[in-house]
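Trainee: Below are the sequence and a predicted model; questions follow.
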Amino acid sequence: MTRAVWVKADDAVGDWDARRARITAALEAGADWVLVDEDDVERVRELGEINVAAFRTDGDVTLVDDVDVVDAEAESKPTAEPDAIVVGKNGEGDGTIDPPTDLSGSADLSTLRREGELDRAAYVRILGTEYEAFAESAAQEADHTIVVGEDWTIIPLENLIARIGEETELVAGVTDADEARTAFETLEIGADAVLLDSDDPDEIRRTVEVREAAERESLELEYAEVKDVEQIGSADRVCVDTGSLLEHDEGMLVGSMARGLVFVHAETAESPYVASRPFRVNAGAVHAYVRTPDGGTKYLSELQSGDEVQIVDTDGNTREAIVGRVKIEQRPMFRVALETGDGDRVETLLQNAETIKVPTSAGRKAVTDLEAGDELLLYYEDTARHFGEAVEESIIEK
């Protein structure tokens, strides 16, 4: 499930200097959206590339069937368009105007229905149970429904997730990373996104880190017994140089068979022969699969600068890394054959070099020291692959 972090930066947080500081922190941290006033959209575009949601500028108010409705054409529009228009500020959504008992006469809901091609978002402060009902109705009209709880312990987020979680993208208002973590984990499903209201750049960064952790999958790795290690001559070997520094217990999952991907460590260890290169994984031959963050695979030969690969640690925790460079060179190789716990045999080709390390049940080991009987860590799933996607069909790999 894809999560998102929104950062609140409208006039309620202060003057332009204060708003710009939040927007800049959001850009630098990798947030997904900023929520600003419509008049600030052009200035946000000048600061950097980020999705912009904007509270619509109030126009003239006309009376339609005894309901105040904002005239969207009454004011000239700003030159820069946002990615989403947000309705509810200084209206019924935030409690400035009491919502009608009969929501069919709601001015905010009418405005949501009348907005054009841009994404539509509703902004609702949960001031009581009647505002839960208002948010539920808004969710039927809005692409995004922002709900800001005055006290989530009194008005549980669970109610809103259960009622409107599938109708719209639910954005929960939070003030720090801990609240964001709770919002993402509530009812196991969690909110789709959070709207962070904080001036602290570190808090914005921590909230983005919480989002990334919530999106990552955790893999169940297992050990397979090494049955054979054979020198087979030379092949085109692929080194994947990422744009990230990998930890000592991290690497990539690669293999000749998509159902059984072997854990290969990054080159984080010092060697008498070569300096450590903690951004690199010497992954194997060009034909091998490597796992990607979406749960798919790519051939090592397909990788190029800008692609994403999945990084995994020995506990099965994952993250993403950008490929910075791929080096393909002829090198002498080993064929490593393994047998899983249920008797399936899988293989991979790894370079014959002591700098390539793999995790075994006895600890980290150079591939040149591997021998029959060792237990090697891998990720196994009993599925076939077609163009990198898991498919339900019989494919023989040997």
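Mentor: Cool, got the structure. All of these numbers come straight from a predicted model, not from anything done at the bench. Numbers count the residues shown, from 1 in each chain.
Trainee: for Gly260, what are its contacts?
Mentor: 224, 338, 340, 344, 346, 378-380 (C-beta atoms under 8 Å, 6 or more residues apart in numbering). All C-beta spots, glycine's among them, are computed from the backbone N, C-alpha and C.
Trainee: For it, which residues count as its bridge partners?
Mentor: Met257, Tyr380 (DSSP bridges).
Trainee: With the one 4 residues further on instead?
Mentor: Legend: beta-bridge partners of Val264 under DSSP bridges are Met252.
Trainee: hey, where'd the helices end up in the protein?
Mentor: Assigned by DSSP state H, the chain shows helices spanning 16-29, 41-47, 107-114, 129-139, 157-164, 177-185, 201-215.
Trainee: Redo those as JSON lines? Include mean pLDDT.
Mentor: Converted to JSON lines, the helices of the chain look like this (pLDDT from 0 to 100):
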{"stretch": "helix 16-29", "mean pLDDT": "98"}
{"stretch": "helix 41-47", "mean pLDDT": "97"}
{"stretch": "helix 107-114", "mean pLDDT": "91"}
{"stretch": "helix 129-139", "mean pLDDT": "92"}
{"stretch": "helix 157-164", "mean pLDDT": "80"}
{"stretch": "helix 177-185", "mean pLDDT": "92"}
{"stretch": "helix 201-215", "mean pLDDT": "93"}
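Trainee: Could you export the ones you listed as JSON lines, including mean neighbour count and distance to Lys298?
Mentor: Formatted as JSON lines, the helices of the chain follow (neighbours: other C-beta atoms under 10 Å; distance: least, C-beta to C-beta, whole Å):
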{"stretch": "helix 16-29", "mean neighbour count": "18", "distance to Lys298": "28"}
{"stretch": "helix 41-47", "mean neighbour count": "15", "distance to Lys298": "34"}
{"stretch": "helix 107-114", "mean neighbour count": "20", "distance to Lys298": "42"}
{"stretch": "helix 129-139", "mean neighbour count": "21", "distance to Lys298": "38"}
{"stretch": "helix 157-164", "mean neighbour count": "18", "distance to Lys298": "35"}
{"stretch": "helix 177-185", "mean neighbour count": "20", "distance to Lys298": "28"}
{"stretch": "helix 201-215", "mean neighbour count": "19", "distance to Lys298": "19"}
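Trainee: ok, His144 - how many residues close by?
Mentor: When counting by other C-beta atoms under 10 Å, one arrives at 25 neighbours for His144.
Trainee: before we move on, back to that, now the helices of the chain as CSV including distance to Leu170?
Mentor: Formatted as CSV, the helices of the chain follow (distance: least, C-beta to C-beta, whole Å):
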stretch, distance to Leu170
helix 16-29, 20
helix 41-47, 24
helix 107-114, 15
helix 129-139, 8
helix 157-164, 6
helix 177-185, 9
helix 201-215, 14
